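[1] quick one, fold the following:
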Amino acid sequence: MSVNYGSKRTVVGAGYGFRDWLAQRVTAGLMALFTVLLLAQVIFTSGPIGYEQWAGIFASQWMKFLTFAVIVALLWHVWVGVRDIWMDYIKPVGVRLVLHVFTIVWLTGCAGWAVQVLWRL
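    Down below sits the predicted model:
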């Protein structure tokens, strides 16, 4: 006679929480490093910061690339956090779906706006 303990439900999503946790830490670290780099450039700029000095910080291609990477990291960071909030606290599936779609549309619009601003400098 075999003894079967516990339910027979299939465990799904194993490791899913760790991936999100790691994504939040990596993106936060990238944003923190970018902030330190940007502050260092602002602090060591001589004189008051005007448009010319600010645009000069972002004029080089490597800084534009780094800023774009930070924008992507920020959007990913926000998506993981807001998605987890919707999944944890919004129980009706239809409302949660609408909020997810709204969040994706909003973040896509923010990304487009940020890239447009970045490449205008």
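[2] and the helix or strand of the chain with the lowest mean pLDDT, what does it pack onto?
    In the chain, the helix or strand scored least confidently by mean pLDDT, DSSP states H and E is helix 51-57, which has a mean of 88. The contact analysis (3 or more Cβ pairs under 8 Å, 6 or more residues apart in numbering; DSSP states H and E) places helix 51-57 against helix 16-43. C-beta here means a position set from N, CA and C on the backbone, and glycine is covered the same way.
[3] can you spell out which helices and strands pack onto the helix it packs on?
    Short answer (3+ Cβ pairs under 8 Å, 6+ apart): helix 16-43 packs on helix 51-57, helix 61-89.
[4] hey, least reliable of those by pLDDT?
    Mean pLDDT per stretch puts helix 51-57 lowest among those, at a mean of 88.
[5] how about that one: buried residues?
    For helix 51-57, the neighbour count (16 or more other Cβ atoms under 10 Å) marks residue 57 as buried.
[6] can you show me the CA trace of that helix as CSV?
    Provided in CSV are the C-alpha atoms of helix 51-57 (Å, rounded to 0.1, in the frame of the first residue of the first chain):
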residue,chain,number,x,y,z
TYR,A,51,21.8,74.2,-21.0
GLU,A,52,25.1,74.2,-22.8
GLN,A,53,26.9,72.4,-19.9
TRP,A,54,24.0,70.0,-19.4
ALA,A,55,23.9,69.1,-23.1
GLY,A,56,27.6,68.8,-23.1
ILE,A,57,27.4,66.0,-20.5
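[7] was I right to think residue 81 contacts residue 24?
    Yes. With contact defined as Cβ atoms under 8 Å, residue 81 reaches residue 24; the gap is 6.9 Å.
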